Structure formats: C-alpha cells, structure tokens
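# sequence below, structure please.
(chains A, B, C and D)
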4 protein chains.
Amino acid sequence: MNEHSVAIVGASGYSGLELTRCAARHPRLRLAALYSDRWAQEAAGDRLPLSGAAAALRYSALADAAAAEAEIAFLATPAEVSLSLAPQLLARGLQVVDLSGAFRLEDASLYPTWYGFAHGEPAVLAQARYGLPELERARLAGARLVSNPGCYATATALALAPLLKSGLVAAEGICVAAMSGVSGAGRKASEDFSFCEVDEDLRAYRLARHQHVPEIEQTVRRFAGRCGPISFTPHLVPLRRGILSTCALRLERGASAAALQAAWKGAYAGEPFVRLLAADKVAVKDVVRTNRAHLGLSVDERAGTAVVVAAIDNLVKGAAGQAVQAWNAAMGWPETDGLDLLGG
Amino acid sequence: MNEHSVAIVGASGYSGLELTRCAARHPRLRLAALYSDRWAQEAAGDRLPLSGAAAALRYSALADAAAAEAEIAFLATPAEVSLSLAPQLLARGLQVVDLSGAFRLEDASLYPTWYGFAHGEPAVLAQARYGLPELERARLAGARLVSNPGCYATATALALAPLLKSGLVAAEGICVAAMSGVSGAGRKASEDFSFCEVDEDLRAYRLARHQHVPEIEQTVRRFAGRCGPISFTPHLVPLRRGILSTCALRLERGASAAALQAAWKGAYAGEPFVRLLAADKVAVKDVVRTNRAHLGLSVDERAGTAVVVAAIDNLVKGAAGQAVQAWNAAMGWPETDGLDLLGG
Amino acid sequence: MNEHSVAIVGASGYSGLELTRCAARHPRLRLAALYSDRWAQEAAGDRLPLSGAAAALRYSALADAAAAEAEIAFLATPAEVSLSLAPQLLARGLQVVDLSGAFRLEDASLYPTWYGFAHGEPAVLAQARYGLPELERARLAGARLVSNPGCYATATALALAPLLKSGLVAAEGICVAAMSGVSGAGRKASEDFSFCEVDEDLRAYRLARHQHVPEIEQTVRRFAGRCGPISFTPHLVPLRRGILSTCALRLERGASAAALQAAWKGAYAGEPFVRLLAADKVAVKDVVRTNRAHLGLSVDERAGTAVVVAAIDNLVKGAAGQAVQAWNAAMGWPETDGLDLLGG
Amino acid sequence: MNEHSVAIVGASGYSGLELTRCAARHPRLRLAALYSDRWAQEAAGDRLPLSGAAAALRYSALADAAAAEAEIAFLATPAEVSLSLAPQLLARGLQVVDLSGAFRLEDASLYPTWYGFAHGEPAVLAQARYGLPELERARLAGARLVSNPGCYATATALALAPLLKSGLVAAEGICVAAMSGVSGAGRKASEDFSFCEVDEDLRAYRLARHQHVPEIEQTVRRFAGRCGPISFTPHLVPLRRGILSTCALRLERGASAAALQAAWKGAYAGEPFVRLLAADKVAVKDVVRTNRAHLGLSVDERAGTAVVVAAIDNLVKGAAGQAVQAWNAAMGWPETDGLDLLGG
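Numbering: from 1, shown residues only, chains lettered A, B, ... in the order given. Now for the predicted structure:
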C-alpha cells in the first residue's frame, strides 16, 4: 500500500508535526513533501524519530508549497495562507485537507466578524466538506476539500449535538467553559506564552468572541436542527496538550440522565474514537496522544441542568488525527487507518 | 504591639503554613503555639524561614490543641476536627477562626447532604460569623467565632453578589465553571494527586455536589436577597495555587456592561483587596501570594449573558489571608494588617 | 505473526503500562495476561486505548502471576517480587525479562549493600543476561532470563563505555549528575511525590548510594575493561518522564574531541536507537516516547574534561522499550520490532 | 526612615520585579523611579500589588535612566547597558548596584572570551566591589559601585569557597552540574523558552563556556587562595525559579565529612541567610522567595569525593535579594533589612 502521496504544509508547527507522525504511520499514505520555513533544508529525520524514506525527506520553503507534487495536501497553515493556497492546489488537481478556519463557516459573511477578514473565495468555500465524521460522515465521501474542525469546536460539538437533537435540553442558554493546553496557541516566539508567564497561571481569553463559536453553532444546527447562541469562554491552562470543554445545558421538563445518555449512545454507537464515561472520569491525560474523544454527563436536578464534559487532544482529535480520520472517511478507507495511537 | 497570642492548629497543611506566615508578619499577633502531628517536636524555623521567637516554636501534637494557651486559635483542620475542637476552645475563652466548612452553613440541616455528617453543635453554629468582609463586614465586629469562607465560595460570591443585587442579571440559570490548583486538595499521600497523575492533566470533579455550592448560594442570598440554584463544576488543573471562577449569568433586558460594572464599583469602592479589570486581564499569577481578588466582566450581547471571571489564591484570599483579614475586621484593626503581600 | 504469548506482571505501574503498549504494537507478540492488583478484574481497554483482543483482556491479581500461561513473562515488579517470581516462572518453562534490579549485579555479594537484601537465588542470577544490546548484544542470543538495565544505568553506561574503552579518558574521577522525571519513582501514594511537593522543586537524593552505581561500573568494566568508582548524584526534577545524565570525565593527554567522537561512532555505527549530537542539542523532549538514546559530547580543554550528556525516556529506553529490544535481540528478531515509536 | 531614594532600571524584568518588591519592603529605602520600556507610562500599582506612593509611581523609558533623580540606582539591565549607564550615574553622584556581569571580572582581559565584548571602562571596573557578603563582606563597606554576583556563581562559590580554603579537597578536578529555572533566561519573546518547548524537557546548555565560570573561580581564589579550572555544566529545567548547583570535589587524603562540615560551619557561623543541611534535604522549594542559600554535603568515601549541593532562588539570593543584602552591607545597615521573606 502506501500508494497515495501526501504533502504537509506548515510541517513544523505543532499540528504539522502530528500530521507528519500520523502520515508516517498510515498504511495507505506516503510522505512526499514537507513545507516549513523554520526547518527549510533540514532532514525530517533530524526533527522527528522517523526511519526510512520519511527520515530522508527535506523540508522545503513554504513559498514552494503551491507547486507541491503530491496527490493530497494537508494544510497546517494560518487561515490567510490556506485561503490563498487551497485554491491553487485544488486547481492543480490535488485534494486538500485544510486545518485552518479558512473554510469552516458555510456563511462567508461571518468571516469579517469572527476572523477579521472578508472571504475572497466563496466558490471554494462552497466545495468544502466539514471533517467531523461522527456528526456528518455521509457528507465526506468523495470530498476534494475537507475543512478540518477547530479543536474547541470538535470537543464541544461532539458533546452538544446529540443532546440538542434529542430535544431533552434547551437550545437556548448553553454556557460553555473550555480549557486548552498551550500548544493551542501554536508555535511561536511570544512573551505571553513563555514558560515563566504561563506556568502556574490560569486565565480566560477572547471571551464572547472566539472564532470557534459560530462553527460550533453551525455544526450543532446542521446535526440537531437547532442551537441558540452559545456563551463560550476559553481558558489557557498550563499544560502542553489537551482540551476540556465543560458545557452546561438547561434540562427540558422530564429529561432524565438515562434519556440523555441514550441520546449519546444512539449517536455514537460503534464509533471507534468516542467513549462515554461518568463525567468525573473524563480526563485529558486519557486522550492525549490518541484520536479519542471522551464524553461525560452529569445531571444536576437541583439546578435543572446537564453538565457535559468533553476531552480531546487538541493536536490529534482536535487537529491532525481528525484530519487523517476525515480523509480516511472521504476516501472510504477504514477511519482508524494511521490512528492506532496508544497515548502515554 | 504583637500582644495577641495565637495558636494555629493544623499548622503543617498548606493553609496552616500560610497562616503561620501571615501571623508571623502580623504587627498585632504573636505566634504562641503550632499544632501538627506531621511535624510534632520539630522547630518551626526548620520548616519555614522564620526568625526570632517564631523560629524557635516547636510543633505540638494535634491532640494537645484543645488545651492551647492562647487568646486566638486559627483552625486549619478538617471539618470534623473543627466541629469537635471549636466548642472546647470557645468554652475555655479563646476566640476561634475556623477555616473548615464546619460552621459555614447557617442551616444545620444542609450538613448531611453536602458534608456527609449531621451537625451536632447547632448552638455553636448559631454563634458563627461568616468571614467575608467585603460582603458582610458589619456582622463581623466583635465575633468570637469566625467561619472562614471556602476558596471557591470566596471567588464566586465576590463575583456574583453585587450583580445579583443590582437586578441586572437573572437569579436563575447561573452556571459556574471553576478551576483550582492542586493545593486545594490539601497535603496528603495520594496516588490521585501525585505529580505524574496531575501534571499535564485536566478534569472536572464533584459535579453538582461540591460542598461550596450551598455556601455560595447562602452568601449571595444574604447580600443580594436572591439567588437561584447554581450549576457549579469544579476542575482540577496542574498548578499549585490559585483559583479561577468563571460564572455565566443571564442578562436581564436592558442590562449594559456599564451598569454591571457600576454595580461592582459601588460594592467594592475602597476595598483594599478587590480589583476590577477587563475579563481577559484577570490572571491567577497576579493574585497568587497576595490577599487580592481580581474580578473581570465580559458582556456577550449576542448570547445575552454576562461572564464574570474571578481569580484568587486559594491559600490566601481563599483561606489563610482571608482568615486574618476577617479577624482584623472582627477586632476593629486595619484589615490589611499582616497582609501586605507582594506576590511573586 | 503475533504468535508468541506474553504475560506482563505489574501491568499498572508506569513501566508496566509502557510494556503493555509496546507488546500491543509488537508484530510477533500477543498479549495473553496482565497482572495488577490495582486494576484487578478491570478490562485493559478501560485503562489504555487498546483495541481488539488486547482491549478485552482483564487484569488478574498479582498473586496469580506465578501460574501465568504464556511463553514469555515481563516482570515490572519490585526487586523482591521478581526475586521470588522469576525462578518459579523459569521452572515452569517461561522465558523471563525482569525489569527490576533483582538480577542485574553479577556479584551477589553486592546486594546487601546496594539493595538492602541478601540475594537468595545465586543460580538464577548466574543465568541472567544483561539486556543492553548496544553494549553486549552477543551475550543476549538465546537468553532465557534477561535482566533489564536500570534507567540511569542505561543512559550513563551508553555515554561512558566507548569512551573508557578508547583509553582517551581516565578511568578514575568520573563524576555523574543525573536528573530524572518523577515517573522514575514509580506509581504510588506518597506525600513526597505529590504534585504540590514536586512541582517547582528540584533536589538531589540518594547521594553516593544509588543502586545503579555498581550496575554502571559493572557494565562499563565489562565493555571497556576498566572503570574506577563513579561519583553519582541523582536529582528529582519536575517532569513526568525522561532522564538526562551529565558525566564529567578527565581527558588523558592528547585526547581530542574528534578522537572521542570517533570512539562513539565506532561503537554505535548502525545502531537504530542511538544518535550522536552536539551536547547542547541533547534534549529529553526529543527522546520521550521513543526508544532512543541521544548522546552529546563537549570537550573543555581549559578544564581538561569531557562532559557527555545522555538523554533517554526512563520508561522506554530506560525500561519497557529496552526490555522489548533486548527480547528481540534474545530471539534474533529485528530489534526495532514493536518500537517504531514516533515520540510527541 | 525610608529616607534613601532608589531608582530601579530594568524594572519589568524578573530581577527588576523582585528588586521592586524588596525595595518596597525595605525600611530605609524609598522607591523614587522605575525604568522600563515594556511598561513605560504604566503605574507600578497596575503591575505589582503595591500600595501607597510606590503604587502610584509610573515606569519611565529606559532612555531616561541616565538622568535618574535618586541616591542609589539598581541596574537590572544587560551587561552592555550597564557598562554604559553605570559610569554616567556614578559621575552624577549616584551609588550603583549593578546586577549584570559588566563589573564582575576583575581582569578586564577576560571579557572578550566570556562575554563577547571588550571592556571599555577599566577605571570603573577597578572601583567595583563584588557583592557576596558571606565571602567578602569587609570589602563592601562604603562601596560606591557594587557588582552583584551571578546566580550560578553565588550558589557555587558559597558551596566551594570554604572547602577549598580548608585544604581538605583538591583545587583541581572540580566538576559542577548546575540546574536553573527558566526565569534565569530573562523575560523575552522566544520560541526556545516558550511553555511548550520547555515544559517536560531537560537539557544542558553553554557547556564549558558559561560566563559565570571565571567569576566562580575568581571568587573562590580570592577567598581560598586557590581554585583550579572548573568543569561547569548548566542545565535548563522546567520550573520558574530556583537554582541547584551540584559540585563534586576530590577529597584530599584523610579528609572527613566532619572536617568538611566544620569548614563550612566556621565560614558561615552567624550568617542569617546560610543554612547547612544534609545534602538530600537541600531543596529549591525551601529557598524560593527567600534570600537564603541552603547547602548540603555528602562524602562518598568509595569514590573519594565530596558532593556539595547548593540551592538558592536565582531571582532573590541570585539577584535582587543579594543586591539589597550587599547594599545593606555597603551602607552598614542590618543585612536582613528588606529581606524578611518567608517564601511560599
């Protein structure tokens, strides 16, 4: 196998590194090109413990990525870069999986508000398929452009969508507090993300204006048919990887814990990457370095709420692993190919 | 000065250590006795960088604490121990500041549900004054038994009470996600709180049943006259000290950010330990090793919510520092005495 | 393949978990039994992200391990347990890889001093082969009992042995300062290894009496023919996994950096798991979750010393990974089988 | 009191922040000016939990520091900046405590090798007094320019000097492995010191060429009369503050642990900031946020070495606290003034 050639653009970022690891393990993919200005001309084997041909690959400058010779390109680049690069690659016949937000929002008019730029590629946007297989697998088959979900969006939409669809919880008044490890901010020189500033600290950021908010609402609405505006507060916590999303929902009259669990079980039966646990058993350390999502539910009858907790690795199920899973789905391959990650 | 003799019971726990530091710095207090089984017979100066008479004090066994010779006893002991010890010390004429939950809930009938024991000292409970000076200073004057607030309760009640009182937010549908450093679990041998299990992990715990929930509701109701049942989810995060409490509230029609800020400003004008900031400027690292509470507010008009963020050091404003502050208030001393902590 | 059945004893400790992961990935091994009192009766798939038959395996009580039905047993147990268990398993015809120190020292008379017990199984000890393939591969072929090296011993002996053999450095006056992540202390309930005690701390321990000292000296002498008594100081540092061993050696007259590098290159040419780098490029994060050892050398002509730095993952090359590698060597399989770990 | 006005230059770096805290607490010093480009125009009270006049002070641009109106200037600036600034301030009559390396090496000819620049101010260099009171208090009285020791140099020289002077250990063959928290690298935007790169990592750096090496040798020689070239390897460890220096020394014939301890005791009797402990009781966490140095000694008769371990807080005894202590010594004030820090 290994017959499908892959280019990874932005290969030295944290998501790009995970993509390289996943592609190197994948039985049907063959690493053909790696693009990174940071490590241009270096051999991949000097940066990652690869072996064989993958180790000998040299990183190329990002400027060369538009001319990539490969069948599939994974873009782990900023949204603005993806917006420019994806159309060029698609035009040259490559298939593209984009890990940025450039093609996530169906409604192009939302981009100025949430991303700070006007979307100049509405036709390409219309082609994109959102890569969250557990919620919209059917739309992925045969996709030429997969838009990979955001990390917070993945955890939160997986937690919410089946519950909203069940009608057991209110579509309004959803309050989410999500916590992310520092790799979520990307790899960069920054005083704010230096060890001394982040270690032993804890804070909220981008309150009420995180760009994953419209993505979550869109995904939940597509799956469940309804979703009110979500109050979403992301937090920065001193760990390297991992996201925990804690979502409070108002129970509709008569909703029971068992009924809510049944909604999840119905939605996720047979899913290889979703596990349903007690809410206080959901822990980031159990999902880090896996493509899994762990979900837990706690019903508070006194307060009339359900609190759901979702944990993923922001770099795997929240980025590179999901990109590979969605691509597997698009190609009709087993979704677990390349993703038998054992954590640790 | 330094004329008031103090005993600290449970002096080797994390709160007890902070109490010892605060008492050693306090201009009106004199360390007279330290009780700890862990360090029994050791000199305090071998455990903390004290000097003078304080350094020479030796820890005594906890069993001797009921016979403490001092004017004031600070109890940094489990609720069950405090429940037994406080009445004995009060009977012997000592004044008591208790840092456990033993005397926090006015309604003794709540103890079985939230603490797992029936309260056997209703008469003592009735004497206790809740030690949160910013919200109920007047009740503290002359107190003989101060019940020191819980760490989550302090951060959360300070965030919520003035907003509830203002009428600008709904009393129902309050959703709190709070995060605590590991010292909140106390000092103990435990696999669950070992470095390898906690570092790089993140999880929720005690969902819907944390014992600070009725305390928060009681405090807010006393101050604001109203407070619906709160959905409260605490989280364990890999830092040593600090709490961040993120509270989502439903805005009443017409409520503006400015009006909410005005409610806080009215409540906290002149408070030496409360600072009002933008919500994304509230950071645990700025309050750690101080007695401060930093509060921030973000209004999300789209979602119809106000999210308030409160940061404190769980061992200082959430425990030892507040105990000293409340005692200062009880005695009519400047509340900042002993608490000129510069963080770091 | 997967035809060789494996039992892992002590499967819930940190090394046991890594062993389980390695065995689950290994093309020639099949997980047949897992022993752990901590998780007795639980399914392995509830503790690790395994799939298939491995996920369905249930942990058995440690007391049942002597009756294990498997061809090979990996013992991740304390030395005293291994000392009792290995002879029973060998007698029943199993092959054994022991990860404790029970069979590491050829000279049984050293056990009382360094391990605190007299060695009661000299005949079994005489059968043991030391499992450090890079230094003594030839002795491993056909072994029935492999004694897996200590974590500090692995890093330090790999760093020292070829240099000692070259004659370019003195055999006397070797000073080693080694640093280990907290998982080196094992999984246990302990106040000393709690997050609040370890995080942001740094200390030396077991100075001049760590049990890996005679093991290092024995290994280096076997390979190089000489090794004076080593001054060895281990340190506990606040990370979960990884060891860095910094070794200072006195240069013999005329020794050059190039000659020292040549000694390493000669010894490690073609080794899949050893990489030689500049000393300041050797970093724990590049070897964690791999079976690699990274070695770096710096010559200080002014001080007349060579300083060599060695990094490994204490749980992989320092424990589980090396056990699998050594077993591969014993069986004549490719040493990399089951060990294509990509870090992260 | 508080009659001596102080300017702090470089007030927003980690040492500058500690200096501000120490000066604010000091009974004889009054904060008069703070210089920092990062926080220019901001009020100090918005960055540190100060009160009173100190809180109202505003940071000024660094370019204005040469015109500082104060009696004493503490320079927490890079060596090149101090080299230019100190002469100007001295010429205007200020007294100067410099925390950089600009005035640490008596022999100006060493600067090109160790600092990368030629020293252009030999006359000023000749005036400087090295600020390590425990080893050379007498030279400090009346100093106008104090050169504050380096952090590694402080820990290491305190450990070594009395032992070298005793003649019980060899002057040759000293091997030091020192570990520092990340604040030692200063506050700056840097990918290398970002949380994700540093957390869970461990590495050596600047092997054989750290600029504190000649400083240590100079200090020990001045005190003990002898010191061979030291093999010194610094390491970066994932904590925010603290240094541990582990020094291996060859024992001279007949040297005993008791005699070595006696050498330390003789040297440090009555020192308020030095504590002598068992080597495995020396821990960074006990000295962090204090001006203390904890020293421990372990004799390894088998290897013929003494290993000494020294712990300090790199920002306090290794920087700001020592600067204040040395200034207290220069002025003839109690050395503990402003330094009653209780850690935590």
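# these two touch, right, A:Val96 and A:Leu89?
Yes: contact criterion C-beta atoms under 8 Å: A:Val96 and A:Leu89 qualify, at 5.3 Å. C-beta coordinates here come from the backbone N, C-alpha and C atoms, glycine included.
# name the residue in the two with the higher neighbour count.
Neighbour totals were compared for A:Val96 and A:Leu89, and A:Val96 leads with 27 against 24 (other C-beta atoms under 10 Å in any protein chain shown).
# so where do the strands sit in chain A?
Using DSSP state E, the strands of chain A run over A:4-9, A:29-35, A:59-60, A:72-75, A:95-98, A:129-130, A:145-147, A:175-180, A:203-204, A:231-236, A:243-250, A:274-278, A:293-300, A:305-312.
# buried stuff in stretch A:199-210?
A:Asp199, A:Glu200, A:Asp201, A:Leu202, A:Arg203, A:Ala204, A:Tyr205, A:Arg206, A:Leu207, A:Ala208, A:His210 (16 or more other C-beta atoms under 10 Å in any protein chain shown).
# near chain D, list only the ones from those residues.
When contact is defined as C-beta under 8 Å from any C-beta of the partner chain, the buried residues of stretch A:199-210 meet chain D at A:Asp199, A:Glu200.
# for A:Val316, what are its contacts?
Listed by C-beta atoms under 8 Å, 6 or more residues apart in numbering or on different chains, the contact partners of A:Val316 are A:Glu18, A:Val287, A:Val288, A:Arg289, A:Thr290, A:Asn291, A:Gln322, A:Leu341.
# go with 7 Å
A:Glu18, A:Arg289, A:Thr290, A:Asn291, A:Leu341 (C-beta atoms under 7 Å, 6 or more residues apart in numbering or on different chains).
# quick one on the thing from earlier: can I get the strands of chain A in a markdown table with distance to B:Pro272 and mean pLDDT?
Formatted as a markdown table, those follow (distance: least, C-beta to C-beta, whole Å; pLDDT from 0 to 100):
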| stretch | distance to B:Pro272 | mean pLDDT |
| --- | --- | --- |
| strand A:4-9 | 54 | 98 |
| strand A:29-35 | 55 | 97 |
| strand A:59-60 | 55 | 98 |
| strand A:72-75 | 52 | 98 |
| strand A:95-98 | 52 | 98 |
| strand A:129-130 | 51 | 98 |
| strand A:145-147 | 51 | 98 |
| strand A:175-180 | 29 | 98 |
| strand A:203-204 | 23 | 98 |
| strand A:231-236 | 27 | 98 |
| strand A:243-250 | 33 | 98 |
| strand A:274-278 | 43 | 98 |
| strand A:293-300 | 36 | 98 |
| strand A:305-312 | 36 | 98 |
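# what would these look like in TSV with distance to B:Leu163?
As requested, these are arranged in TSV below (distance: least, C-beta to C-beta, whole Å):
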stretch	distance to B:Leu163
strand A:4-9	47
strand A:29-35	50
strand A:59-60	52
strand A:72-75	44
strand A:95-98	42
strand A:129-130	38
strand A:145-147	39
strand A:175-180	15
strand A:203-204	17
strand A:231-236	15
strand A:243-250	18
strand A:274-278	33
strand A:293-300	21
strand A:305-312	19
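# do you know which of those strands lies nearest C:Ser51?
Nearest to C:Ser51 among the strands of chain A is strand A:274-278; the distance by C-beta to C-beta comes to 12.0 Å.
# how far away from the center of its chain is that closest one?
Centre-to-centre, strand A:274-278 and its host chain are 19 Å apart (C-alpha atoms, centre = their mean, to the nearest Å).
# ok, that strand: who's next to it in the sheet?
strand A:293-300 (parallel) (DSSP bridges).
# quick one: the strand it pairs with to strand B:231-236, angle?
Calculated by axes from the mean of the first three to the mean of the last three C-alpha atoms, to 10 degrees, strand A:293-300 forms an angle of 140 degrees with strand B:231-236.
# so which residues make contact with strand A:293-300?
A:155, A:158-159, A:257, A:260-261, A:264, A:273-279, A:281-282, A:286-287, A:306-312, A:317, B:207-208, B:231.
# repeat for stretch A:17-29
With C-beta under 7 Å, 6+ apart as the criterion, stretch A:17-29 contacts A:1-4, A:6, A:8, A:11, A:31, A:34, A:44, A:48, A:50, A:54, A:74, A:76, A:315-316, A:319-321, A:323-324, A:333, A:337-339, C:342, C:344.
# kindly write the PyMOL command that selects the buried subset of those.
Applying 16+ other C-beta under 10 Å to the contacts of stretch A:17-29 leaves a buried subset, and the PyMOL line that selects it is:
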select buried, (chain A and resi 4+6+8+11+31+34+44+48+50+54+74+76+315+316+319+320+321+323+324+333+337+338+339) or (chain C and resi 342+344)
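# just to revisit the earlier point, of the buried residues of stretch A:199-210, which are in range of chain B?
Filtering these for proximity to chain B (criterion: C-beta under 7 Å from any C-beta of the partner chain) leaves A:Glu200, A:Asp201, A:Leu202, A:Arg203, A:Ala204, A:Tyr205, A:Leu207, A:Ala208.
# hmm, A:Ala224 is touching A:Leu164, no?
Yes: taking contacts as C-beta atoms under 7 Å, A:Ala224 lies within contact range of A:Leu164: 3.7 Å.
# so how far is B:His212 from A:Cys196?
31 Å (C-beta to C-beta, to the nearest Å).
# likewise A:Arg289?
From A:Arg289 across to B:His212, the span is 34 Å (C-beta to C-beta).
# neighbour-wise, which of these two wins?
B:His212 (26 against 23).
# tell me how far the more buried one lies from chain D.
24 Å (C-beta to the nearest C-beta, to the nearest Å).
# next one: A:Leu236
Taking C-beta to the nearest C-beta, one finds A:Leu236 at 9 Å from chain D.
# same deal with A:Lys165?
To chain D, A:Lys165 is 37 Å away according to C-beta to the nearest C-beta.
# any low-confidence regions in chain A?
A:1 (pLDDT under 70).
# what parts of it come near chain B?
So far as C-beta under 7 Å from any C-beta goes, chain A lies against chain B at A:173, A:175, A:177, A:179, A:200-205, A:207-208, A:229-231, A:233, A:237-240, A:242, A:244, A:246, A:248, A:250, A:279-280, A:282-285, A:298, A:300, A:302-303, A:305, A:307, A:309.
# surely A:Glu217 touches A:Ser231?
No: A:Glu217 is beyond contact range of A:Ser231, at 11.4 Å (criterion: C-beta under 7 Å).
# so the two - more neighbours on which side?
A count of neighbours by other C-beta under 10 Å puts A:Ser231 above the other of A:Glu217 and A:Ser231, at 26 against 21.
# that one pairs with what?
For A:Ser231, the beta-bridge partners are A:Cys175 (DSSP bridges).
# okay, buried residues for stretch A:41-55 please.
When neighbours are counted by 16+ other C-beta under 10 Å, the buried residues of stretch A:41-55 are found to be A:Ala43, A:Ala44, A:Gly45, A:Arg47, A:Leu48, A:Pro49, A:Leu50, A:Ala54, A:Ala55.
# these into a markdown table, with extra columns for distance to chain D?
Formatted as a markdown table, the buried residues of stretch A:41-55 follow (distance: C-beta to the nearest C-beta, whole Å):
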| residue | distance to chain D |
| --- | --- |
| A:Ala43 | 20 |
| A:Ala44 | 19 |
| A:Gly45 | 20 |
| A:Arg47 | 13 |
| A:Leu48 | 15 |
| A:Pro49 | 15 |
| A:Leu50 | 20 |
| A:Ala54 | 23 |
| A:Ala55 | 22 |
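# neighbours around the residue of the stretch 151-300 of chain A found nearest chain C, how many?
Chain C sits closest to A:Thr290 of the stretch 151-300 of chain A, with a gap of 4.7 Å, by C-beta to the nearest C-beta. If you count neighbours by other C-beta under 10 Å, A:Thr290 ends up with 22.
# hang on, it packs against A:Leu341?
Yes: using C-beta under 7 Å, A:Thr290 makes contact with A:Leu341 at a distance of 4.7 Å.
# give me the common contacts of those two.
In contact with both A:Thr290 and A:Leu341: A:Val316, C:Pro49, using C-beta under 7 Å, 6+ apart.
# and the angle from the longest helix along chain A to strand A:175-180?
Determined from DSSP state H, the single longest helix within chain A is helix A:151-166. Helix A:151-166 runs at 150 degrees relative to strand A:175-180, counting by the same axes, to 10 degrees.
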